[in-house]
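Participant: what follows is a predicted protein model with its sequence.
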Amino acid sequence: MAAMAAVIGETPARVLDPIQRVQEVIFGVLMAMTFIGAMNVATAGQEEVRTVMKTALGCNLAWGLADAVMYLVTVITERTRDDLRPRLRARDLKGALGVFLLVALSTFPLVLPFLAIRELAPALLASRLVALCILFAGGWLLARHAGGNRWLAGCSLAAVGAVLLGAIVALGG
């Protein structure tokens, strides 16, 4: 969805700008965190570790596909303002692929603990810590791009993630 914020009419050097790339990774991490927590709730913590990993990957693959398609819908909608017969270009497909890959690949660091740790509770904790580190890095990169305070932005985004994790845990995840 972050890709929708793009100014479609311009031709930047990159298909997705730095903010869009970081946002897509953040969305992927938040989606994976939510889904992993929901799986924990739905199965009362009894689900096999590999099942949680597979379902989180499947969720983010599906979300990445939906987000990529919405990227293309946004591009074509914006172009319709200027042209009654807008067309998608190779660059647009490259952007959609980038959106898909960023969302899908952002899941892997969160599911790696489920491969390395056999017990669900420690794997879940490790996954959540990895998610917070990625969110910190996302805030850091956004601030670097914007010229802001990197530590403040990183800590703020990690804090938002911690609040979200708290809500997930409070809901049973």
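Facilitator: Received it, and whenever you're ready, just let me know what you need.
Participant: list the buried ones in the helix or strand of the chain with the lowest mean pLDDT?
Facilitator: In the chain, no helix or strand scores lower on mean pLDDT, DSSP states H and E than helix 18-42, which sits at a mean of 81. Neighbour-count burial for helix 18-42 flags 20-40 (criterion: 16 or more other C-beta atoms under 10 Å). From N, CA and C alone the C-beta is placed, and that goes for glycine too.
Participant: now the element after it, going C-ward?
Facilitator: For helix 18-42, the succeeding helix or strand toward the C-terminus, using DSSP states H and E, is helix 49-80.
Participant: what lies in contact with the helix or strand following that following helix?
Facilitator: Using DSSP H and E, the helix or strand that follows helix 49-80 towards the C-terminus is helix 90-105. Applying C-beta atoms under 8 Å, 6 or more residues apart in numbering, the contact partners of helix 90-105 are 3, 15-16, 20-21, 24-25, 27-28, 31, 57, 60-61, 63-65, 67-69, 71-72, 75.
Participant: same question for helix 90-105: list its buried residues.
Facilitator: For helix 90-105, by 16+ other C-beta under 10 Å, it's 92, 95-96, 98-100, 102-104.
Participant: who does whatever helix or strand comes next after it touch, helix- and strand-wise?
Facilitator: For helix 90-105, the following helix or strand on the C-terminal side (DSSP H and E) is helix 108-116. When contacts are defined as 3 or more C-beta pairs under 8 Å, 6 or more residues apart in numbering; DSSP states H and E, helix 108-116 sits against helix 18-42, helix 49-80, helix 120-146.
Participant: many thanks, we can stop here.
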